[in-house]
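Student: The sequence isn't on hand, but the structure is:
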């Protein structure tokens, strides 16, 4: 019986050591990832400061996600996204629009949010179109719900984003149930006529 107890004790000690080793490996991997992120951020910053919109986007994403920095910096991320968006970067326009849409990361500015999302959507950014659909389906702050516009954006989101097809189908079905046949026909007509001559 003593031998069995000793064997169990040895097995438990070995399991504890193995767990501690895995935790140490995990800590080491996390530290290496943090160091790599910090180095990447330092590499992107000079390019971003010299106007490279792709670098500005990367810096914004890293600040937003808390990579290479001690804490998430949403205001800093918004500033970098804004600079990249001014250069026409659709992903940065979307990222800035999403920060405003989420609202708790930076103070919500619905005018800038709508401008950025529409700019990205105008360049074919499917997720920006999808976000606009949700905004118009439910309304947000000073933006009233408008099912016709929501369905138009969902319809436009289908173009070139097969990975979103399932989600878009559910959203289209949901908003269509709230609409008249005339509203649906108008939404589809507007999507077919996209882009509008005057926005």
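Tutor: Sure thing, it's come through. What you are looking at is a predicted structure, and each value in this text was computed from that prediction instead of being measured.
Student: For stretch 53-72, which residues meet the burial criterion?
Tutor: Of the residues in stretch 53-72, those buried under the neighbour-count criterion (16 or more other Cβ atoms under 10 Å) are 53, 55-64, 67-69. Where C-beta positions appear, they are placed from N, C-alpha and C, glycine not excepted.
Student: which of the residues you listed sit farthest apart?
Tutor: Based on Cβ to Cβ, the longest span within those runs between 53 and 69 and measures 20.6 Å.
Student: For this protein, which segments count as helices?
Tutor: Taking DSSP state H, the helices of the chain run over residues 2-49, 53-65, 74-86, 90-102, 110-122, 126-138, 147-157, 165-176, 181-192.
Student: got the contact list for the last one?
Tutor: For helix 181-192, the surrounding residues in contact (Cβ atoms under 8 Å, 6 or more residues apart in numbering) are 147-152, 155-156, 176, 179, 196.
Student: avg pLDDT for that helix?
Tutor: Mean pLDDT, computed over helix 181-192, is 96.
Student: what's the distance between that helix and the middle of its chain?
Tutor: 28 Å (Cα atoms, centre = their mean, to the nearest Å).
Student: show me the residues around the residue nearest to residue 137 when sequence neighbours are not counted that make contact.
Tutor: Taking Cβ to Cβ, 6 or more residues apart in numbering, and ignoring the residues beside it in sequence, residue 137 has residue 150 as its nearest neighbour in space, at 3.8 Å. For residue 150, the contacting residues are 133-137, 175, 187, by Cβ under 8 Å, 6+ apart.
Student: Thank you kindly, that will do.
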